[in-house]
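# below: sequence and its predicted model.
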Amino acid sequence: MKQRIITGVVAGAGFLLFLVLGGFYYTALILLLAAVAYFEYTRMNGQPQIRLITLLGYLSTLYIAFPWEEYPEWKALSYESTAWLALFLMFAVTVISKNKVTIDQIALVLLGALYIGTGFHYMIATLLGTNGLYWTLLLFVCVVASDTGAYFTGRAFGKRPLWPTISPKKTVEGALGGIAVSIVAALCFSLYAPSLLFWGSAIGLGLAIAVVGQMGDLIQSAYKRIRNIKDTGAILPGHGGVLDRCDSWLIVFPFVHLLSLIPQ
């Protein structure tokens, strides 16, 4: 627990610094995290790093994650075009390799690129939007509040397993505690800037972030269980890898944008 808290405080402070600096610094950090997360994903799935199909996966992940909307003069491919081109190139590799690279392998590689690239892209896009620092902080704080609330509520009052076949230690009581703390966090942001976030909307947003964030956590728990691993990496002592720490973020940020729960 002590190591987990120390790592969380140090990593959190460093991340907050990059977030406040914004611009190039924040974008560079997020792209680096995306690359590390994709490395963890491919390693977890037994995908060799020195391989054309894996290289295409890295390029696709970073291309999707990059904030091309900030550079319209570069005429970047749309999200749909990028996904299709990546798919085409990966299918081409199966033909050129005479099925040494299988369709199952390219499915895993492309899935990882879309999952990781999209999630990190919206972390950058949120900061670049109107009142970006406010909304980015709100999302991160609510996710952390949900995780922390669920952990301590579960330890203190947890009795009924939430989803034992996926994550045996999570409880219904913990999940509800996480939702409550996330709503309180969102209400604090509403009190700070009521012109940006009405209290009723804050309750709905806090609820959505907690529920979707916990689903993101369960999604990662599910595929780690399939691969029979505890953590995706060890870069963050006490927390595991980047994917372990960012599992909720990767789902929450695209969710609130695509459903227009925050201003674009």
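Cool, got the structure.
# against V242, how distant is the residue lying closest to A76 once chain neighbours are set aside?
In this structure, A76 finds its nearest non-sequential neighbour in W68, 3.7 Å apart by CB to CB, 6 or more residues apart in numbering. The C-beta positions use only the backbone N, C-alpha and C, and glycine is treated the same way. Remark: distance between W68 and V242 (CB to CB, to the nearest Å) = 23 Å.
# when these two are compared, which one has more neighbours?
For W68 and V242, the more surrounded residue by other CB atoms under 10 Å is V242, and the numbers stand at 24 against 18.
# tell me the contacts of that one?
33, 36-37, 40, 232-233, 235-236 (CB atoms under 8 Å, 6 or more residues apart in numbering).
# buried sites along the host helix or strand of A11?
Applying DSSP states H and E as the criterion places A11 in helix 2-21. Within helix 2-21, the residues that qualify as buried are 7-8, 11, 15, 19, counting by 16 or more other CB atoms under 10 Å.
# repeat for stretch 75-92
Buried, per 16+ other CB under 10 Å, within stretch 75-92: 82-83, 86-87, 89-90.
# residue boundaries of the strands in the stretch 101-250 of the chain?
Chain-ordered strands for the stretch 101-250 of the chain, with DSSP state E, counting those that start in this stretch as the definition, fall at 161-163, 167-171.
# picking up where we left off before, run the chain-centre distance for the helix holding A11.
Relative to its chain's centre, helix 2-21 lies at 17 Å (CA atoms, centre = their mean, to the nearest Å).
# what mean pLDDT does it get?
Mean pLDDT, computed over helix 2-21, is 82.
# what do you get for stretch 168-187?
94.
# if you count neighbours, what's buried in that stretch?
Using 16+ other CB under 10 Å as the test for burial, stretch 168-187 gives 170-171, 173-183, 185-187.
# got the CA coordinates for that stretch in CSV?
This file holds the C-alpha atoms of stretch 168-187, laid out as CSV (Å, rounded to 0.1, in the frame of the first residue of the first chain):
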residue,chain,number,x,y,z
PRO,A,168,-13.0,-11.4,-7.6
LYS,A,169,-12.0,-8.6,-5.3
LYS,A,170,-14.5,-6.0,-6.6
THR,A,171,-17.8,-5.7,-4.8
VAL,A,172,-21.2,-4.1,-5.4
GLU,A,173,-20.7,-1.9,-2.3
GLY,A,174,-17.4,-0.7,-3.6
ALA,A,175,-18.8,0.1,-7.1
LEU,A,176,-21.6,2.1,-5.5
GLY,A,177,-19.1,3.9,-3.3
GLY,A,178,-17.1,4.8,-6.3
ILE,A,179,-20.1,6.2,-8.1
ALA,A,180,-21.0,8.3,-5.1
VAL,A,181,-17.5,9.8,-4.7
SER,A,182,-17.3,10.5,-8.5
ILE,A,183,-20.6,12.4,-8.3
VAL,A,184,-19.3,14.5,-5.3
ALA,A,185,-16.2,15.3,-7.3
ALA,A,186,-18.2,16.4,-10.3
LEU,A,187,-20.4,18.6,-8.0
